[in-house]
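**Q** Need the 3D shape of this:
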Amino acid sequence: MCLTLLSGRLAVYFFAAGYHLAVLRGAVVFIGGWFDTIWMGLLGWTVLGIVGALPWALSWWAQADRPWTRVASVLAGFLVSLLPFFAVLQGGHPLYGWGYALEGMGWVGIIIALAITGHFAWMPKVERMRVLAVLIPALLVVSFTQQRAEMRGAGPVHAVATHLGAPPSSDRETVDRYLKVGEIIKGVGRGLDEDGLILLFPETTLGAYDSSFRFNNRMLMASVEVSKIGVVIGREVTLDDGTRLNQALYLNPKGEEQIVNQSNPALLSMWAPWKKDRFTIDWARDNRLYLDGGTVARVLICYEEFLPFIFLRDEWRGGHDLVLAMSNAWPTDDMTLAGVQATHTEGMAKLFGRKVVRAENRPTKK
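**A** Predicted coordinates:
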């Protein structure tokens, strides 16, 4: 809405870039922690702002004496920024905020959001300034006072918050991680009076899997069967052709397993097409898990929480009862970006009235 007060494509671009940089301010220390250099954090953060602003500037052709051009420009920017490839570098799309205001309205809510935005853009400038003078302070108050949803459990699924730090960097660490997860499962199982519980662990909890860890995987399955607890847990896999996959693995007490592959891995840290061993982007992947008890869940793996088109794709496909979000915030103790990430998921879930269970891994406790 603020963009409608600006004149000229360049002004729109710099405002949008500044907005995205402000929303993703925590990316500096997060990316810097991942790559062990603050300079990489600054570079990644800057790129997010530069590219994130492009769809708004490219869509802008408003003329002061023609209100309909202003309406068309702001609505085009709203929609284009939802689409790949622009959407893979978006943070803080307006749709997340509308989710809080139009809770449970789904696709109709998106139409209403577009209609309100278009009507606002049509209004005379003085009236738009008056509305923003009231709206901006109100939104600031709400953002600082509103309680965030826990997103720790829904239906049969409950999240496990871990402090395991970075993914295992050696075979020994990977084996230790399997043992730790097995102990958690057994510990929860000892306190249960009934069957049917499913534990959700964060992204890449088990590190990189290959055939040498087949025995450890069987031991993990044994813990699941003995405890009668289902588990959804993150891991990475490398295929024979060098393709790497970021996965959610579901193990149930009947000895069965299902796998979901992440559609859009994080850029640079995972998706780096110049590398021999590379993660791939495939937006057509099916991310459904058929859980015991008849519950169908769709899985968002970490970076995908920032991408509204992934959530919209899943809602368009339908056929699910629950969203499972698997996050990994190990690179830094600063939780600014992790908080923004969780808010993104909460906003989209509210818009569609969807229950979410979210598991997050944080730095190792000191």
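**Q** Tell me where the stretch 1-150 of the chain has helices.
**A** Counting by DSSP state H, counting those that start in this stretch, one finds helices in the stretch 1-150 of the chain at the ranges 9-23, 27-35, 38-52, 54-58, 67-80, 94-101, 106-122, 125-145.
**Q** Distance from the next helix or strand after the longest one to the middle of the chain?
**A** It refers to helix 125-145. Toward the C-terminus, helix 125-145 is succeeded by strand 153-154 as the next helix or strand (DSSP states H and E). For strand 153-154, the gap between its own C-alpha mean and the chain's C-alpha mean amounts to 18 Å (CA atoms, centre = their mean, to the nearest Å).
**Q** Might you list the low-confidence residue ranges for the stretch 251-366 of the chain?
**A** Applying pLDDT under 70 to the predicted model, the residue ranges of the stretch 251-366 of the chain that meet it are 273-274, 366.
**Q** Please verify my assumption that Val29 contacts Thr332.
**A** Yes. Val29 sits in contact with Thr332 when judged by CB atoms under 8 Å, with a separation of 4.7 Å. C-beta here means a position set from N, CA and C on the backbone, and glycine is covered the same way.
**Q** Could you list the low-pLDDT ranges of the stretch 51-200 of the chain?
**A** Residue ranges of the stretch 51-200 of the chain with pLDDT under 70: 193.
**Q** Please name the bridge partners of the residue lying closest to Met221 once chain neighbours are set aside.
**A** Once flanking residues are discounted, Met221 sits nearest to Leu251: 5.5 Å by CB to CB, 6 or more residues apart in numbering. Partner residues in beta bridges with Leu251, using DSSP bridges, are Val231, Glu257.
**Q** residue contacts, Leu251?
**A** Listed by CB atoms under 8 Å, 6 or more residues apart in numbering, the contact partners of Leu251 are 220-221, 224, 230-231, 233, 257.
**Q** Buried subset of these as a PyMOL selection?
**A** To isolate the buried ones among the contacts of Leu251 in PyMOL, judged by 16 or more other CB atoms under 10 Å, type:
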select buried, resi 220+221+224+230+231+233
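**Q** Distance to Val74 added to the contacts of Leu251, as a markdown table?
**A** Listed next are the contacts of Leu251 as a markdown table, based on distance: CB to CB, whole Å:
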| residue | distance to Val74 |
| --- | --- |
| Leu220 | 51 |
| Met221 | 52 |
| Val224 | 51 |
| Gly230 | 46 |
| Val231 | 45 |
| Ile233 | 43 |
| Glu257 | 47 |
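**Q** Specify which member of the contacts of Leu251 is nearest to Leu135.
**A** Top of the list for closeness to Leu135, among the contacts of Leu251 and by CB to CB, is Ile233 at 42.6 Å.
**Q** What are the buried residues along the host helix or strand of Val175?
**A** For Val175, the element it lies in under DSSP H and E is helix 171-190. For helix 171-190, the neighbour count (16+ other CB under 10 Å) marks 174-175, 177-178, 181-182, 184-185, 188-189 as buried.
**Q** Using JSON lines, lay out those residues together with distance to Val12.
**A** Rendered in JSON lines, the data for those read as follows (distance: CB to CB, whole Å):
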{"residue": "Thr174", "distance to Val12": "48"}
{"residue": "Val175", "distance to Val12": "53"}
{"residue": "Arg177", "distance to Val12": "47"}
{"residue": "Tyr178", "distance to Val12": "51"}
{"residue": "Val181", "distance to Val12": "48"}
{"residue": "Gly182", "distance to Val12": "54"}
{"residue": "Ile184", "distance to Val12": "49"}
{"residue": "Ile185", "distance to Val12": "52"}
{"residue": "Val188", "distance to Val12": "52"}
{"residue": "Gly189", "distance to Val12": "56"}
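**Q** What strand or helix carries Asp314?
**A** Here Asp314 is assigned to helix 308-317, by DSSP H and E.
**Q** which residues sit against the next helix or strand along the chain from that helix?
**A** Towards the C-terminus, the helix or strand next in line after helix 308-317, according to DSSP H and E, is strand 322-328. Residues from elsewhere that reach strand 322-328 (CB under 8 Å, 6+ apart): 151, 154-155, 157, 167, 200-204, 232, 234, 248, 289, 295-302, 305, 311, 314, 338, 341-342, 345, 349, 354-361.
**Q** how does this protein divide into domains?
**A** For the chain, whose domains are defined here by automatic domain parsing, the residue ranges read 2-145, 153-361.
**Q** out of the ones you listed, deepest packed?
**A** When neighbours are counted by mean count of other CB atoms under 10 Å, the highest per-stretch mean among the domains of the chain falls to domain 153-361, a mean of 19.
**Q** just how off-centre is that one within its chain?
**A** Distance, centroid of domain 153-361 to centroid of chain: 12 Å (CA atoms, centre = their mean).
**Q** what's the span of it from first residue to last?
**A** Using CA to CA, to the nearest Å, the gap from the first to the last residue of domain 153-361 comes to 16 Å.
**Q** now swap in stretch 328-342 and tell me
**A** Terminal residues of stretch 328-342 lie 11 Å apart, using CA to CA.
**Q** Likewise for stretch 292-305?
**A** Using CA to CA, the end-to-end distance of stretch 292-305 comes out at 25 Å.
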